[in-house]
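*Asks:* take a look and give me a structure for this.
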Amino acid sequence: MIIRKMEEKDLEAVSATCMDSFLQSVADTLSDEGISTFSNIAARDAFLDRMMGDNMMLVAENEGKVEGVIELKEGRHVAMLFISPERQKSGIGRKLLSSALNHAKGETVTVTASLSSVPAYEKYGFECKGEVGESAGLAYQPMEIKLNKAMHATSA
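*Replies:* Predicted structure coming up:
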């Protein structure tokens, strides 16, 4: 498996990976509004727009197939981290996060984690910060990691 910068040719596969994972692990906990909001965020063209901006996006590729994606916004916020459902719990998320954190700006990286992903982020070394919130139908838990801790947690 290789971790590399996302390219335009990856947009369809990245969007599909995010939607497959979201539908399997998050969608049933949300309202129709939340599902619609996420569908818009994970759409091919939405990824393209963010890719052309300052968001850094990495993909995990195995034998030519995209199996995961991470999006780091402004070098300090994990905006997306999704792994193909059939490849979850195989270390891909940890590798993507570790690679993305190498590009972080500042000492703290944040994430507004879906409630179902909080245990995974805790394993990566993130800590809950603040109360559960909701925006446009998406429920989330604010979390953060200090980078000196992150480097230790992701290499474990």
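*Asks:* what secondary structure does the most centrally placed residue in the chain sit in?
*Replies:* Ranked by distance to the mean C-alpha position of the chain (Cα atoms, centre = their mean), the top residue is Leu81 at 1.5 Å. Recorded secondary structure, Leu81: strand (DSSP: H, G, I helix; E, B strand; the rest coil).
*Asks:* how about the helices in this structure?
*Replies:* 11-25, 32-41, 44-52, 92-101, 118-123, 147-155 (DSSP state H).
*Asks:* do you know which of these lies nearest Ala60?
*Replies:* Closest approach to Ala60 among the helices of the chain (Cβ to Cβ): helix 92-101, 4.8 Å. Heads up, the C-betas are built off the backbone N, CA and C, glycines and all.
*Asks:* low-confidence regions, this protein specifically.
*Replies:* 149-156 (pLDDT under 70).
*Asks:* go again with 90.
*Replies:* Within the chain, the segments meeting pLDDT under 90 span 29, 54, 106, 148-156.
*Asks:* and the helices of the chain as TSV, adding mean neighbour count and distance to Thr110?
*Replies:* Below are these laid out as TSV (neighbours: other Cβ atoms under 10 Å; distance: least, Cβ to Cβ, whole Å):
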stretch	mean neighbour count	distance to Thr110
helix 11-25	19	19
helix 32-41	15	17
helix 44-52	15	17
helix 92-101	21	12
helix 118-123	16	10
helix 147-155	15	12
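*Asks:* now tabulate these in TSV and tack on distance to Ile2.
*Replies:* Converted to TSV, the helices of the chain look like this (distance: least, Cβ to Cβ, whole Å):
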stretch	distance to Ile2
helix 11-25	14
helix 32-41	26
helix 44-52	18
helix 92-101	10
helix 118-123	22
helix 147-155	17
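*Asks:* cool, thanks, talk later.
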